[in-house]
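*Asks:* Quick one, what's the 3D model for this:
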Amino acid sequence: MVDLAETPYGGPSNGIGVGAAAIVLLIAFGSLLAMGLPLATALMGIGSGLALIALLGHVFPAPGFTAIIAGLIGLGVGVDYALFIVTRVRADLQDGMHPRDGVVTAMRTAGRLIGVIVGLSMVLLLVVFGSVTIAVKAAVMNLLSICAAYGVLVAVTQWGWAGPAFGFPEQLPVTTWVPVFLFVILFGLSMDYEVFLLSKIREEYDRTGDNALAVGRGLAATARVISAAAAIMVVVFLSFVLIPDVSVKQIGLGLAAAVLIDATVVRLVLVPAVMELLGKANWWLPGWLDRRLPARRAETLSGDEPPAGTPADDRAVAR
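*Replies:* Numbering: from 1, shown residues only. The predicted structure follows:
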C-alpha cells in the first residue's frame, strides 16, 4: 500500500529548497552574483532533466513522485557542484591567477567530483590520487555514512523515535526499494565530499611532502565549503518530509541524515584524524601498479616532475 500512494507534484518543498540554497550561498560568498551562478546552473540542469524524464515517461512508465525527487536531488547536487567549482575559481583569483587559468585549474581539481558504486569508485580514486590506502579508506568511510543513515531511518520510521516531528505519525516499515535507492545516491554524494577534501590535501602534499601539514591545510581550505554544501543538501532533503508520500518522506530523511553525518562527523573529523594517524602510508602505491596507472604515467611523460621529498620520491624508494 505504501508503494501505491500517489503524490501531488512539487508543493512547498521546491520553494524551500531554492530559498535555503540562496541563503546559504549568500552567506558563504557574500556576493549576489556568486550566489546566483550556482542556482542558475542547477535550475537549468533541473529543467533539462525534467524534460528528459517527461519524454522517457512515454516509453518507460515512472511513479508520480519521480519528478519531485529528481528536481530536489538535482537542486542539491547541482548547487553543490557549482559551489565547489566557483569556490575554487574565487580562491585562485584571490591568489592572483589569471581568470582563464583559474577556471582550468578548478575543472582539473574541483571538477573531478562528477559522480562515481563501491568497486568503480575505488578504481577511480586509485587513478586520480595514486594511492591504494586513499581508495580503500574512502570506500569504508562512505559505507559508514550510509549505514548511519539506515540506522536513523529505521529508528524514526519503524521504531517511532521522533516520528511525528518528521511526518511519520505512526510506525511504518521502510519501503522495500528505498534502501537500494538511498545506497546509490548516498554513495555518490559521499564521494563528492571525499574527493573535494582529498584534492586539496593531495595538492598540499605534492607541494610540501609533509602529510600532517597537508591534512591541516586541506581541512582548513575546504571545511567551510563542505559545511555550506551540506547545509544546502540537508535543508533541501528535509523538505521531502512535507510531501504526503511516505516513500518520499523516507528518502528525504535518509538523505538528510546521511549528508549531515557525512559532512560533519566523517569528512571533518574521522577522515582527517585517520589520515593524520596513517602519515605517509596514506599515499602508498605498489611500484608495479604505479607504472600501470594511466594518469600517473601521463604525468611522468608530460615532464611535470614533483619536487624532492614528495610522494613520487617515496614510491621510488618503495620500488
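*Asks:* what are the ranges of the helices in the chain?
*Replies:* Remark: helices assigned in the chain by DSSP state H are 12-29, 32-56, 66-94, 99-109, 118-129, 132-157, 178-208, 211-238, 246-261, 271-278, 287-290, 294-301, 311-318.
*Asks:* so of these, which one's packed in deepest?
*Replies:* helix 246-261 (a mean of 25; mean count of other C-beta atoms under 10 Å). All C-beta spots, glycine's among them, are computed from the backbone N, C-alpha and C.
*Asks:* on that earlier part again, which stretch among the helices of the chain approaches G167 most closely?
*Replies:* Closest to G167 of those, according to C-beta to C-beta: helix 246-261, at 5.2 Å.
*Asks:* CA atoms of that closest one as PDB?
*Replies:* The C-alpha trace of helix 246-261 is given here as PDB (Å, rounded to 0.1, in the frame of the first residue of the first chain):
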ATOM      1  CA  VAL A 246       5.600   8.000   2.700                       C
ATOM      2  CA  SER A 247       8.300   6.600   0.500                       C
ATOM      3  CA  VAL A 248       9.400  10.200  -0.500                       C
ATOM      4  CA  LYS A 249       9.500  11.100   3.200                       C
ATOM      5  CA  GLN A 250      11.800   8.200   3.900                       C
ATOM      6  CA  ILE A 251      14.100   9.100   1.100                       C
ATOM      7  CA  GLY A 252      14.300  12.700   2.300                       C
ATOM      8  CA  LEU A 253      15.000  11.700   5.900                       C
ATOM      9  CA  GLY A 254      17.700   9.100   4.900                       C
ATOM     10  CA  LEU A 255      19.400  11.600   2.600                       C
ATOM     11  CA  ALA A 256      19.400  14.400   5.100                       C
ATOM     12  CA  ALA A 257      20.700  12.200   7.900                       C
ATOM     13  CA  ALA A 258      23.500  10.800   5.700                       C
ATOM     14  CA  VAL A 259      24.700  14.200   4.500                       C
ATOM     15  CA  LEU A 260      24.700  15.700   7.900                       C
ATOM     16  CA  ILE A 261      26.700  12.800   9.400                       C
END
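*Asks:* quick one: average confidence on stretch 39-56?
*Replies:* For stretch 39-56, mean pLDDT is 86.
*Asks:* May I see the helices of the chain arranged in a markdown table, with distance to F166 as well?
*Replies:* Compiled in a markdown table, the helices of the chain are given as follows (distance: least, C-beta to C-beta, whole Å):
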| stretch | distance to F166 |
| --- | --- |
| helix 12-29 | 14 |
| helix 32-56 | 25 |
| helix 66-94 | 16 |
| helix 99-109 | 37 |
| helix 118-129 | 29 |
| helix 132-157 | 6 |
| helix 178-208 | 14 |
| helix 211-238 | 8 |
| helix 246-261 | 6 |
| helix 271-278 | 28 |
| helix 287-290 | 46 |
| helix 294-301 | 43 |
| helix 311-318 | 45 |
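*Asks:* Tell me which of those approaches Q171 most closely.
*Replies:* Shortest separation from Q171 across those is recorded for helix 132-157, at 7.2 Å, computed as C-beta to C-beta.
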